[in-house]
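1. output the structure for:
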Amino acid sequence: MPCPAPKNPVTIAILGRSHDTGNYENSLRRLKLSCFTTLDPEQADAASHLLLPGGGDITPAFFGQQNHGSRGIDTELDILQMQALDSFLRQGKPVLGICKGIQIINVALGGTLIQHIPTAASHQWNGADQHHQVYHSSLSRTDFFYQLYGLSAPVNSAHHQALDQLGKDLLPVCRAGDNIIEGIQHAILPVIAVQWHPERLPDGSGDRLLQYFAEMAVRTVS
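-> Purely as a prediction, here's the structure:
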């Protein structure tokens, strides 16, 4: 069952289809974080935090391309997620993108995607998550990745697409060994995103990221 919409100061809206969001709900519930899943951007707007979960690929037209390998497209969901994201960005409220979520954030801010990366065989779902290291790639040590994981961390992987041109004000904070961007943050707003799945990392290290996200505060948007 989806997490019930709670009354705590921190409430996380998961903008997705409820039959796909159980892992996120279970992880947040285990951390005693209040959450609810919705497809309604207006209902999501009542929450303090927005989580954009993993899923299929984004409609290529949204980043100015024809389909060259995208699959599992759900245009309606893309639109709803971008609407919710736009509202949270305008209000300066915290956002976390996971897998498809990092790509939604990038595209919504004017970035592009590689529709099928050359190294997809070592990243994509093959009946289970794959695993590899990601490495801190920022000149700063104030970003969320360094604060949580230091110079590198083992992560899981279930994607065949990746960020290409970064959207406005987005900064890369970690990359895989093949230079695929695996984590970003916004230069101004409380927006972070990763290409892996913290909600199902087998060693539990993803809990650090989820807790960090829940503790992020609203920033005033001028």
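2. correct me if wrong: residue 108 contacts residue 86.
-> Yes: between residue 108 and residue 86 there is a contact under C-beta atoms under 8 Å: 6.9 Å. All C-beta atoms are positioned from the backbone trio N, CA, C, and that covers glycine.
3. looking at these two, which is more packed in?
-> residue 108 (22 against 13; other C-beta atoms under 10 Å).
4. from residue 154, how far out is the more buried one?
-> From residue 108 across to residue 154, the span is 29 Å (C-beta to C-beta, to the nearest Å).
5. point to the residue nearest the middle of the protein.
-> residue 97 (1.5 Å; C-alpha atoms, centre = their mean).
6. might you report the residue contacts of that residue?
-> 52, 103, 104, 105, 191, 192, 193, 194 (C-beta atoms under 8 Å, 6 or more residues apart in numbering).
7. could you pull up phi and psi at the last one?
-> Geometry field for residue 194 lists phi and psi as phi -130, psi 150, criterion degrees, to the nearest 10.
8. so what's it scoring on pLDDT?
-> On pLDDT, residue 194 comes in at 98.
9. could you give the bridge partners of it?
-> Going by DSSP bridges, residue 194 is paired in beta bridges with residue 98, residue 183.
10. right, and it touches residue 210 too?
-> No: Residue 194 is not in contact with residue 210 according to C-beta under 8 Å; the separation is 10.7 Å.
11. so which of these two has more stuff around it?
-> Taking other C-beta under 10 Å, residue 194 and residue 210 do not tie; residue 194 has more neighbours (25 against 21).
12. what's the distance between that one and residue 35?
-> 18 Å.
13. also residue 185?
-> 22 Å.
14. who has more neighbours, those two?
-> residue 35 (27 against 23).
15. and that one, that's in a strand?
-> Yes: counting by DSSP: H, G, I helix; E, B strand; the rest coil, residue 35 is found in a strand.
16. show me what contacts it?
-> Contacts of residue 35 by C-beta under 8 Å, 6+ apart are 3, 6, 11, 12, 13, 14, 24, 25, 28, 29, 51.
17. where is the longest helix in this structure?
-> When the chain is parsed with DSSP state H, its longest helix is helix 75-91.
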